[in-house]
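Chemist: I need the structure of the sequence given here:
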Amino acid sequence: MVDESFPSCRSSPSGVEPPAIAGASPRSLHWLPPALAIAGMHRSGTSYVASLFDGAGIKLGERQLGVGHGNARGHFEDLDFLELHQRALRSCGFHGDGIVPEGRITFPMGLEARAGEIVAARRAAGLPWGWKDPRTLLFLDFWADQVPEAIWLMVFRSPWEVADSLYRRLDEACITDPLLALRAWEHANRILLDFARRRPERCLVRELGQVIADPAGTFAVLRERFGLPLADPPPRFEAELLGGDAAARGAQASIVRALLPEVDALYGELRDVAESRIPLPTPWRATAEPVAAVAIWARASRERTIAATAQEQAVGAARTAAECLLAEEQARSAESERLLAEERARSAESERQLAEERARSAESERQLAGERARSAESERLLAEERARTAESERQLAEERARTADSQRQLAEEQALAATVIFAVRAEGQGLLTAERDAGERRLVAEREAREIELAAARAETAAVQSSLDVNLRQLGERDAEQVATIGRHLAAIESLVAEINRLKQSIEDSAAESLMPLPKPHTLAKLRREASRVVRQLTETAGVPPLQKRPTRGSP
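Modeler: Next comes the predicted model:
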């Protein structure tokens, strides 16, 4: 059933390429810690491969999927990625195990935020990190866009080994439909091969056998070609972990080649890309029809798993019974030892208490002797204290007598002091009264003298003010007369100048009418000088600057 909360989820038919998501090179980003993504079909050995990197400096998650049937050493799968992929598959209507025989799945938009949170948390540690989950193959382009700095290690295994492992794992879907295992292998590895061909600069494709044969070589390529900081791979491979019947590999390969030659061809392409030289099983001709042979193959693998499981259960039951008997015996032995230890402890406790009692008795005797000594010392000290008390009482009586005498002398001195103080106070009061009266008389005399001086000053000020007013008035009258005189002089000057000009004009007019010759120039100059002298004298007499001569009609 498709989850309606993710409406963006959709799938495309097999063989239709999804739109490419532009990925950025790690060098084009701000610095991010190195990341490694391990991708491969279920049962392709990705758990073994992940275990190598988990022990060589790549952190594959705090929460990992534990051991299980078919993975006795653990899955090394980050549960955050696994749970996110399962939600994505279920929301798109697929089973959460991710065994999908066809179609492309688009990552639901509603889960992108969670994906971003997971990636951000891994990057925040600032250490090389990575993840492994077979379901990653179904969302390669999404994760390539989310983690553009990631290097991809793509792991594949032969289709017959993967199918046989799924049969032996008792996978429910593959039991119902044995061909589902081979179709799912083909679908997953076509996606793997397509991604690797489109992004060769970020992918390394390896067959599981290559990694098993030379793990150090795979690590060297990742270090040299992609710059991943990797330590040497730890020794983790155990042949029995792969399981299966090696003698049946030839028959299984022959069935796959006869029934699904396209699967065998795809396997060949993957080997070419990975440059794998891992030996292939010797061909063996199947006697049964291919489809029936697959069913027989799946049933035989399941029966071997069931028999092995039953044997393991029987061995486990026997081991459990033996462990129970051993545990009971160990419990009885432990109980005996506990009782013996308790008895020893009680005996030791009794001895300790007896030793403590003896020590307390000795301490009591010592304390009694000390108490007697302290009692004698106390009596001696008491006698000394009584003697000191009698001496103190005698000295106190003498001190009281001296105190009474001192008090009498003090009373006499206080009476004499009171008499002297009274006399001094009376005399001081008389002197103070006389001084106050004399001061008041002086203040009255000074006030009267200051008032006389103030009246004289006021009269003098009035006289000065009156004189100043007279002088100002006289000065104003004098200035008015001088202004009038200057005005009269200026009027006379102007009249004289006008008369001179008039005479000059009259002379010129008469000369023109009588045809008489004009006066000589030196005569006119002499006449002008004389006029200028008269004007200057008048000006100096008036005490004003000379007037500017106003030009008149006909003047030179």
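
Chemist: from here on, contacts and neighbour counts on C-alpha atoms
Modeler: Noted.

Chemist: Which helix or strand contains V205?
Modeler: For V205, the enclosing helix or strand under DSSP states H and E is strand 203-207.

Chemist: which other helices and strands contact that strand?
Modeler: strand 150-156, helix 179-198, helix 261-274 (3 or more Cα pairs under 8 Å, 6 or more residues apart in numbering; DSSP states H and E).

Chemist: So what touches it?
Modeler: 151-157, 196, 222, 270-271, 273-274, 276 (Cα atoms under 8 Å, 6 or more residues apart in numbering).

Chemist: Which among those residues count as buried?
Modeler: By neighbour count, with 16 or more other Cα atoms under 10 Å, these hold 151-157, 196, 222, 270-271, 274, 276 as buried.

Chemist: Strands along the stretch 301-450 of the chain, start to end?
Modeler: Counting by DSSP state E, counting those that start in this stretch, the stretch 301-450 of the chain forms no strands at all.

Chemist: can you pull out the helices in it?
Modeler: Ranges of helices in the stretch 301-450 of the chain, per DSSP state H, counting those that start in this stretch: none exist.

Chemist: got it, and the stretch 1-150 of the chain?
Modeler: Using DSSP H, counting those that start in this stretch, helices in the stretch 1-150 of the chain cover 46-54, 79-91, 112-124, 140-146.

Chemist: Would you mind putting these into a markdown table with mean neighbour count, distance to R63 and mean pLDDT alongside?
Modeler: Formatted as a markdown table, those follow (neighbours: other Cα atoms under 10 Å; distance: least, Cα to Cα, whole Å; pLDDT from 0 to 100):
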| stretch | mean neighbour count | distance to R63 | mean pLDDT |
| --- | --- | --- | --- |
| helix 46-54 | 23 | 13 | 89 |
| helix 79-91 | 20 | 6 | 93 |
| helix 112-124 | 14 | 12 | 94 |
| helix 140-146 | 19 | 20 | 95 |
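
Chemist: and H95, backbone torsions?
Modeler: phi -70, psi 150 (degrees, to the nearest 10).

Chemist: That one: neighbour count?
Modeler: 16 (other Cα atoms under 10 Å).

Chemist: how much space between the residue lying closest to it once chain neighbours are set aside and F81?
Modeler: Leaving aside its sequence neighbours, H95 sits nearest to L89 (Cα to Cα, 6 or more residues apart in numbering; 6.4 Å). Look at L89 and F81: by Cα to Cα, to the nearest Å, they are 12 Å apart.

Chemist: One more: K526?
Modeler: For K526 relative to F81 (Cα to Cα), the value is 132 Å.

Chemist: and what of R488?
Modeler: 125 Å.

Chemist: do R277 as well
Modeler: 33 Å.

Chemist: same deal with G61?
Modeler: For G61, the distance to F81 - Cα to Cα - is 9 Å.

Chemist: what sits in contact with each of these two?
Modeler: In contact with both G61 and F81: W131, using Cα under 8 Å, 6+ apart.

Chemist: quick one on the thing from earlier: ok, the residue nearest to H95 - contacts?
Modeler: By Cα under 8 Å, 6+ apart, the neighbours of L89 are H95, G96, G98.

Chemist: got those residues as TSV, with distance to E391 columns?
Modeler: Shown next, in TSV, are the contacts of L89 (distance: Cα to Cα, whole Å):
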residue	distance to E391
H95	113
G96	110
G98	113
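
Chemist: quick one: which of the residues you listed is nearest A327?
Modeler: The nearest member of the contacts of L89 to A327, counting by Cα to Cα, is G96 at 42.1 Å.

Chemist: quick one: the residue nearest to the closest one when sequence neighbours are not counted from G103, how far?
Modeler: Distances taken as Cα to Cα, 6+ apart put Q86 closest to G96, at 4.5 Å, once the chain neighbours are dropped. Distance of Q86 to G103, given as Cα to Cα: 17 Å.

Chemist: what's the answer for L443, then?
Modeler: Counting by Cα to Cα, the gap from L443 to G103 is 128 Å.

Chemist: Comparing the two, which residue is more hemmed in?
Modeler: Using other Cα under 10 Å, the more surrounded residue of L443 and G103 is G103, with 16 against 12.

Chemist: Find me the pLDDT at the more buried one, would you?
Modeler: In this model, G103 is scored at 83, pLDDT.

Chemist: Number of residues surrounding L382?
Modeler: Applying other Cα under 10 Å, I find that L382 has 12 neighbouring residues.

Chemist: Test my guess that H42 contacts A163.
Modeler: No - using Cα atoms under 8 Å, H42 is not in contact with A163; the gap is 9.6 Å.

Chemist: the more surrounded of those two?
Modeler: The residue with more neighbours, out of H42 and A163, is A163; 29 against 25, by other Cα under 10 Å.

Chemist: which of the contacts of L89 lies closest to R436?
Modeler: Using Cα to Cα, the contacts of L89 come closest to R436 at G96, 120.9 Å.

Chemist: pretty sure that closest one contacts R90?
Modeler: Yes - using Cα under 8 Å, G96 is in contact with R90, at 5.9 Å.

Chemist: ok now do the most centrally placed residue in the chain, which residues does it touch?
Modeler: With distances taken as Cα atoms, centre = their mean, the residue of the chain nearest its centroid is A124 (12.8 Å). With contacts defined as Cα under 8 Å, 6+ apart, A124 has no neighbours.

Chemist: Roughly how far does it sit from W31?
Modeler: 12 Å.
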